[in-house]
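model this:
(one chain, ligands or ions: 1)
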Amino acid sequence: MTSRDMRLAQRLSAVSLSPTLAVMMESKALKERGVDVVDFGAGEPDFDTPENIKRAAVEALRNNLTHYTDTGGLLDLRRAIAARYKERHGAGWGPDEVITGCGGKNVLFLVALSLFEAGDRVAIYAPYWVSFPEQVKLCGAAPVIIEAREADGFVSRARDLEAHRDLKAVIVNSPCNPSGAVIPPDEVERLAAFAARTGAWLISDETYDTFHYGPGTFASLASEHARLRDRLVLVNSLSKTYAMTGWRVGYALGPRSLIDALRKVQSHDATHTSSISQAAAVEALNGPQDSVASMREEYRRRRDDLVRSLNGIRGIACTLPPGSFYVFPNVKGAMTALGCATSIEFARRLMTEIGVATVPGEAFGAPGYVRLSYALALDRIREGAGRLLRLLGRRDA
Ligand code: PLP
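Now for the predicted structure:
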C-alpha cells in the first residue's frame, strides 16, 4: 500500500526519517552479515551508565517508585536541574521553570509544538543537528537555514541573522552536533542581544555542554538568563553527559508561561518520562561527577588522535573541533579522487568498500563533509583511520 493509499497526514510529506538512525540501521545490517564495520556513525557514548546511577534506579524500583509522577518531572529532579544552573551559571530559574521529558529530542519537540505554527520562520545554522529542521516542519513552520562557515570554525554568528526579518526563533547548538563547534562567549552575548532587540525566541540546545576540550571557552546561554528571561529556552539532556541515552531524560528551562505550555502538551503526550529514569537522573545530577570528567578526558584523547590521522590522509581536511564527540572533515578532495558526486555516495562507498560507517554531510545541510563520531574505542578509531588511509593514500607533505 502506498502512503497515498494510507492517507498519511500531509505534514509528513516534507519530513524524512532521521538519517543518522538510517546509517545506524545500515551498519547494523552489515554487522549482522558478519562484516567488520568500524562504526563512526554512532551518536551515543560507548561508555556504560555509571554504577551509582544504576544503583539509584534499582533502589527506586525496590521502593516502588513505579507510579505516575508530576507531568514536569519529580520535584527533586527539577530542583537538581535548577540548582545546577544556579551554581554553574548564576541563573535564577526556579523548579517551576523547568520541565523534564523523554530525552532532549522530545523536549525540543514540546518546545516546537508550543511555539511554532504555519507562517513562522525559524533560523537554524547549518551544519545542523538533523532533527531541528524536521521538528520545525512538523509544526507547519519554515526553517530558515543560515550557513556557519568552515573557515570560521562553523561558529553560529549573530551577524548572519541580520538579513532575516521576522524570525520567530533562532535555534543554536553549542557544542555542535555535527561540527563540534563551540560558540565563544562574545558571540553568545551577541546572539542574546539579537534576541533581546528583535523579540525572537532563542532556543539553545546544550546537550554536549560537558564535552568541551578547547581551544577557547564554552559559554552557556544561561549566562544571559537575566537579560533574556522571557525569550530564552535552554534545552539539555542526560543522554550524553552521563552515558544515559536509553534512559530518556532531557529537560528545558524557560519562562514559566512557556514551561506551562510544554506541560500542557506533554500531559496529552508521554505524560512524563519513566519514574525510574527520573530517580536515576536525580542521582546523576546530585551524585559524584568523576565519571563525567574521565569520559571527557577519554574523548579528548580520541579527538586528538582522530583529527591527527584524518589530516594525514589525502583529500581530507579536518579542523580541530573544540567540543561534542564528532569531527566534521571536509572530504571534497577525497570525493573527487573516488569519483563521487555527493558525500552520500562517498559515505556509501566507505561503508561498502572498507566497512567504515560515517554520516554524509547532506544529513546536516552541509554536502562535501562527513560526520565521524569518536564515541568508540581508540583501537577502533585507529583501525578506521587506517582503512581510510589505505583507500585514499597519504597526504603529500
Ligand atoms: N540535541 C542534539 C544536538 C543531539 O545531538 C541529540 C542527540 O543526538 C539530542 C539533542 C537529543 O538527545 P536525547 O534525545 O537522547 O536527549
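
Going along the chain, name the strands of the chain.
Along the chain, the segments classed as strands by DSSP state E run 38-39, 98-101, 121-126, 142-147, 169-173, 201-205, 232-237, 250-253, 326-327, 356-357, 359-360, 370-373.

Identify whichever of those lies nearest to the ligand.
The minimum distance between the ligand and the strands of the chain falls on strand 232-237, with 3.1 Å, by C-beta to the nearest ligand atom. C-betas here are computed from N, CA, C, even on glycine.

What are the contacting residues of that closest one?
The contact list for strand 232-237 (C-beta atoms under 8 Å, 6 or more residues apart in numbering) reads 85, 103-104, 107-108, 111, 192, 195, 201-207, 209, 220-222, 224-225, 249-255, 258.

follow-up on the earlier one: make CSV from the strands of the chain and add mean neighbour count, distance to the ligand and mean pLDDT to it.
Below are these laid out as CSV (neighbours: other C-beta atoms under 10 Å; distance: least, C-beta to the nearest ligand atom, whole Å; pLDDT from 0 to 100):
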stretch, mean neighbour count, distance to the ligand, mean pLDDT
strand 38-39, 23, 15, 95
strand 98-101, 28, 9, 98
strand 121-126, 22, 11, 98
strand 142-147, 18, 15, 98
strand 169-173, 25, 5, 98
strand 201-205, 26, 5, 98
strand 232-237, 26, 3, 98
strand 250-253, 26, 4, 98
strand 326-327, 26, 9, 98
strand 356-357, 24, 16, 96
strand 359-360, 26, 11, 94
strand 370-373, 29, 10, 98
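
I'd like those written out as a markdown table, with distance to R7 added.
Listed next are the strands of the chain as a markdown table, based on distance: least, C-beta to C-beta, whole Å:
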| stretch | distance to R7 |
| --- | --- |
| strand 38-39 | 38 |
| strand 98-101 | 30 |
| strand 121-126 | 28 |
| strand 142-147 | 25 |
| strand 169-173 | 31 |
| strand 201-205 | 33 |
| strand 232-237 | 34 |
| strand 250-253 | 32 |
| strand 326-327 | 39 |
| strand 356-357 | 36 |
| strand 359-360 | 32 |
| strand 370-373 | 36 |
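
closest one to S275 among these?
For S275, the closest of those is strand 98-101, at 11.1 Å, according to C-beta to C-beta.

Give me the contact list for the closest one.
Contacts with strand 98-101, where a contact means C-beta under 8 Å, 6+ apart, come from 72-74, 77-78, 81-82, 107, 110, 249-253, 259, 262-263, 266, 270, 272-273, 278, 281.

Quick check on these: which are buried?
Using 16 or more other C-beta atoms under 10 Å as the burial test, the contacts of strand 98-101 include 72-74, 77-78, 81-82, 107, 110, 249-253, 259, 262-263, 266, 272-273, 278, 281 as buried.

Next step: those restricted to helices.
If you go by DSSP state H, the buried ones among the contacts of strand 98-101 have L77, R78, I81, A82, V107, L110, I259, L262, R263, Q266, Q278, A281 in helices.

Torsion angles phi and psi at the spatially closest residue to the last one that is not a sequence neighbour?
When the adjacent residues along the chain are set aside, A281 lies closest to V249, with 4.5 Å between them (C-beta to C-beta, 6 or more residues apart in numbering). Backbone dihedrals for V249, given as degrees, to the nearest 10, come out at phi -130, psi 120.

ok, V249 - contacts?
V249 sits next to T100, C102, G103, S237, L238, S239, T273, S277, Q278, A280, A281 when contact means C-beta under 8 Å, 6+ apart.

Give me the neighbour count for E383.
15 (other C-beta atoms under 10 Å).

let me redo that: P45
By the measure other C-beta under 10 Å, the count of residues near P45 is 22.

show me the contacts for it.
Contact partners of P45, counting by C-beta under 8 Å, 6+ apart, are K240, A243, T245, M295, F325, A375.

Sort out for me which of those are in helices.
Mapping the contacts of P45 onto helices (DSSP H) picks out M295.

so which of the contacts of P45 would you say is closest to the ligand?
Closest to the ligand, out of all of the contacts of P45 and judged by C-beta to the nearest ligand atom, is T245, at 5.1 Å.

ok, back up a step: what score does the residue nearest to A281 have for pLDDT?
With respect to pLDDT, V249 scores 98.

and V122, bridged to which residues?
Here V122 sits in beta bridges with P143, A169, going by DSSP bridges.

That one and L108 touch, don't they?
No - counting by C-beta atoms under 8 Å, V122 does not reach L108; the two are 11.6 Å apart.

Please report how far R62 lies from the ligand.
Applying C-beta to the nearest ligand atom, to the nearest Å, the value for R62 to the ligand is 26 Å.

Point out the residues in this protein that sit beside the ligand.
With C-beta under 6 Å from any ligand atom as the criterion, the chain meets the ligand at residues 43, 103-105, 129, 173, 177, 205, 207, 237, 239, 245, 250.

now for the residues you listed, which pair is the farthest apart?
Pairwise distances among the residues of the chain next to the ligand were taken by C-beta to C-beta; the largest, 17.2 Å, belongs to N173 and T245.
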